[in-house]
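Sequence plus the predicted model coming up.
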Amino acid sequence: MSATHAYDCVIIGGGTAGLTAALYLLRAGKRVLVIEKQVFGGQIVSSDCIENFPTIARISGMEYADLLVQQVLDLGCDVTMEEVMEIRDTQDGFETRTDSGTYRSAGVILATGAKHRALGLPNERELVGNGVSYCAVCDGAFFRDRKVAVIGGGNTALQSALFLSDLCEQVYLVHRRAQFRAHQHTVDAVRKRDNIQLLTPYVAHCIQGGERVQGLELVDPQDATNTLRLSVDGIFVTIGQIPQNEFVQHLVRLDEQGYIAAGENCVTSHPGIYVAGDCRSKQLRQLTTAAADGAVAAMALCDYLNARNV
Ligand code: NAP
């Protein structure tokens, strides 16, 4: 480790990507600080049950997060709960300024994740895990042989509808416009499925149900008198994600959607800064792909540090 840096690496974001990167760096003998602003474990802590992580048949998001955090703590990781305000390139490394301190490091890994865009309906957040989901691949299996609605008109929505139609009795695809953003071949595939009904143009107006989702009320955006009530057990809100990368846009290149531009090698446009997980441009945002990114980014940073005798 450089004498001038408290840490070899500061990792911003304590979800699966960031903590996996920490695991690999610690095992390579590097000194690591993970800074998280909300909850260690990331988005997955609000997931009722994970069934698609290799070797773990079934685990709650909270249990999974606890195991992951404990694993890096046992290896001597420093962690802190702070919000990062700014990262500065100091020529011989980086300074990460938070709401309560400044940390110097030789390299940085960005693992800030992305937030699912919500509809903003009154009881939407309360029903997450009880019928409302933002990820068909994660939660679809809990709705086997049930009726569900998928909201959105992009690739994620249409692919989610296809995925769910293999499991569910009936899938309603609700989109606010008659035109879809999704690739035409995906739209064509959706249209061929007998158990997917396209409902356009409709917007979700009200989620029905107390403890669990029981239905969804739709309204035609062009004619408020035209309403529909769907009897569904699940609602998959797939209307895009919101990356939160503005604070690094002066340092690394972002893509058109605001994700950090980097390929599978997790190398950003700025030497010494790597990226891992959902905040990176990518097709599939899952625990497994976040973990993979964490390992790749960590080993790339190790090479960078070793080349500089850090
Ligand atoms: P997206 O392409 O941004 O689509 C979001 C969809 O949600 C749009 O149809 C949008 O409607 C709708 N929407 C947004 N806000 C809404 C609101 N408040 N209420 C109702 N509807 C709303 O997002 P995405 O589907 O998650 O895809 C993100 C990126 O990943 C895209 O570039 C996509 O191509 C890519 N992707 C690629 C693949 C692949 O296999 N190639 C798979 C998944 C994702 P409007 O159309 O009316 O704006």
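Cool, got the structure.

Output the set of residues of the stretch 1-150 of the chain in proximity to the ligand.
Applying C-beta under 6 Å from any ligand atom, we find that the stretch 1-150 of the chain lies next to the ligand at 117, 119. For glycine as for every other residue, the C-beta is placed from the backbone atoms N, C-alpha and C.

Flag the shaky bits of the stretch 1-150 of the chain, pLDDT-wise.
Applying pLDDT under 70 to the stretch 1-150 of the chain picks out residues 1-4, 46, 48.

ranges for the strands of the stretch 1-150 of the chain?
Shown for the stretch 1-150 of the chain, the strands assigned by DSSP state E, counting those that start in this stretch span residues 7-12, 32-36, 78-81, 84-89, 94-98, 102-110, 114-116, 132-133, 147-151.

Residue 26 contacts residue 72, doesn't it?
Yes. Using C-beta atoms under 8 Å, residue 26 is in contact with residue 72, at 6.5 Å.

Please identify the deepest-packed of the strands of the stretch 1-150 of the chain.
Stretch with highest mean neighbour count among those: strand 7-12 (a mean of 28; mean count of other C-beta atoms under 10 Å).

Contacts made by that one with the rest, please.
With C-beta atoms under 8 Å, 6 or more residues apart in numbering as the test, strand 7-12 has contacts from 1-2, 18, 21-22, 25, 30-35, 78, 84, 87, 94, 96, 103-112, 298, 301, 305, 310.

residues of stretch 132-139 that come out buried?
Across stretch 132-139, burial judged by 16 or more other C-beta atoms under 10 Å covers 132-136, 138-139.

got it, and stretch 42-56?
Across stretch 42-56, burial judged by 16+ other C-beta under 10 Å covers 42-45, 47, 50, 53.

Now tabulate those residues in JSON lines and tack on distance to residue 123.
Shown next, in JSON lines, are the buried residues of stretch 42-56 (distance: C-beta to C-beta, whole Å):
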{"residue": "42", "distance to residue 123": "24"}
{"residue": "43", "distance to residue 123": "20"}
{"residue": "44", "distance to residue 123": "22"}
{"residue": "45", "distance to residue 123": "20"}
{"residue": "47", "distance to residue 123": "19"}
{"residue": "50", "distance to residue 123": "24"}
{"residue": "53", "distance to residue 123": "29"}
